[in-house]
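**Q** pasted the sequence and its predicted model underneath.
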Amino acid sequence: MPRIPARKENGFAWVTGASSGIGAAVVRRLVARGWRVAATARRADALAALAAESGGKVHVAAADVADAAAMRAAYDGAVAALGPIGLVIANAGIYLPVDGRRPDPDLYRRTFDVNLMGVVHALACALPDMTARGAGHVHVVSSATGFGGMPTSSAYGASKAALVNMAECLKIELDRTGVGVSLSTPGFVETPAQDDNAFPKPFMISPETAAARIVAAVERGGFETTFPRRFTWILKALYALPKPVYLPLVRRQTGWAGPGEPPPPTRSAAAKA
Ligand SMILES: NC(=O)c1ccc[n+]([C@@H]2O[C@H](COP(=O)([O-])OP(=O)(O)OC[C@H]3O[C@@H](n4cnc5c(N)ncnc54)[C@H](OP(=O)(O)O)[C@@H]3O)[C@@H](O)[C@H]2O)c1
């Protein structure tokens with residue numbers, strides 16, 4: 001399988017979900033490595049603070065990733081300011097827990113609009129330009145939750161599994177165009193997204209460590225990077241088990257095996273209960 005590394009000589013990096021957590025840390029890491037960066041998220045004030053901190057190396061391209069027209073305007077503005085695109089890090093994402101006893105279609109719709117269509121909107125802007133030039137790299141931030149089922153994650157996990165499949169499809173198709181495709185499947189990373197998560201979070205790493213892994217991976221050009229490996233490789237081994245073994249094991253490990261009320265997925269839900 002060919003390695004197609006991201007190279008800053010090919011153009012600027014576009015990072016979505018750049019206003020906090022992993023995305024903001026990726027922007028800082030890329031700037032430190034000499035990249036020019038366009039940063040997208042909804043909170044323009046947080047992006048402006050990141051741009052000020054970078055000494056002018058970050059272009060603010062505020063947009064809701066679920067809005068195709070807003071993403072097109074953000075992309076066109078970034079190209080006008082920074083020239084051709086060399087790298088996309090499609091990172092914006094949300095976790096909305098779903099109670100499987102009362103599945104709420106709005107939670108699934110919102111999750112897929114941001115986590116899946118948000119990536120599609122970024123790629124729909126960048127890939128035609130990259131493939132026309134035969135240069136560039138796109139990186140999709142999925143999750144170890146995308147490997148298989150977890151309680152309360154039937155929307156989030158499904159959207160992240162879809163991203164794994166999407167990245168594999170694109171990798172197969174795009175290798176011959178000279179455009180790289182890669183994927184990350186993080187375990188737990190200490191970001192605002194985890195603030196309200198009531199699940200145990202073994203081997204949680206900092207956003208800076210996650211960003212260092214992602215940036216090193218895209219600059220190396222392989223396909224999948226998963227981290228922290230001491231956690232995600234165990235998960236991969238578990239997911240490889242036959243489902244009659246795996247499913248009861250996860251049920252027991254996550255506290256869903258007992259007869260009473262299942263554990264609340266968020267701290268705020270636990271406080272209300
Ligand atoms: N933290 C973890 O343990 C973990 C593990 C595996 C995978 N991940 C994935 O890593 C990615 C980053 O998450 P994080 O942990 O860094 O969480 P975070 O700190 O909450 O960051 C999420 C980012 O996505 C942006 N975002 C959310 N909805 C958006 C929308 N509609 N349009 C544009 N931007 C939007 C947020 O910005 P605005 O609110 O300003 O729009 C923010 O910049 C996500 O895809 C997440 O699923 C995280």
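**A** Yep, that arrived.
**Q** C-alpha only now, for contacts and for neighbours.
**A** Fine.
**Q** so which residues of the stretch 101-250 of the chain form strands?
**A** Applying DSSP state E, counting those that start in this stretch to the stretch 101-250 of the chain gives strands spanning 137-141, 180-186, 224-227.
**Q** dump these into JSON lines; add mean pLDDT as well.
**A** Output for the strands of the stretch 101-250 of the chain, formatted as JSON lines (pLDDT from 0 to 100):
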{"stretch": "strand 137-141", "mean pLDDT": "98"}
{"stretch": "strand 180-186", "mean pLDDT": "98"}
{"stretch": "strand 224-227", "mean pLDDT": "96"}
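**Q** in TSV, list those strands along with mean neighbour count.
**A** Output for the strands of the stretch 101-250 of the chain, formatted as TSV (neighbours: other CA atoms under 10 Å):
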stretch	mean neighbour count
strand 137-141	27
strand 180-186	27
strand 224-227	20
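**Q** which one of these lies closest to the ligand?
**A** strand 180-186 (4.3 Å; CA to the nearest ligand atom).
**Q** the closest one to strand 137-141, inter-axis angle?
**A** 20 degrees (axes from the mean of the first three to the mean of the last three CA atoms, to 10 degrees).
**Q** same question for the helix ranked longest in the chain, mean pLDDT?
**A** Counting by DSSP state H, the longest helix found in the chain is helix 156-174. Regarding helix 156-174, the rounded mean pLDDT is 98.
**Q** ok, residues contacting it?
**A** Helix 156-174 is contacted from outside by 94-97, 108, 111-112, 115-116, 140, 142-143, 145-150, 180-183, 223, using CA atoms under 8 Å, 6 or more residues apart in numbering.
**Q** list only those of these flagged as buried.
**A** Taking 16 or more other CA atoms under 10 Å as the criterion, what is buried in these is 95-97, 108, 111-112, 115-116, 140, 142-143, 145-149, 180-183, 223.
**Q** quick revisit: now the strands of the stretch 101-250 of the chain in TSV, with distance to the ligand?
**A** Formatted as TSV, the strands of the stretch 101-250 of the chain follow (distance: least, CA to the nearest ligand atom, whole Å):
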stretch	distance to the ligand
strand 137-141	6
strand 180-186	4
strand 224-227	9
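**Q** ok, the spatially closest residue to Phe203 that is not a sequence neighbour to Ala210 distance?
**A** Among residues not flanking Phe203 along the chain, Phe231 sits closest, at 6.6 Å (CA to CA, 6 or more residues apart in numbering). Distance, Phe231 to Ala210, by CA to CA, to the nearest Å: 13 Å.
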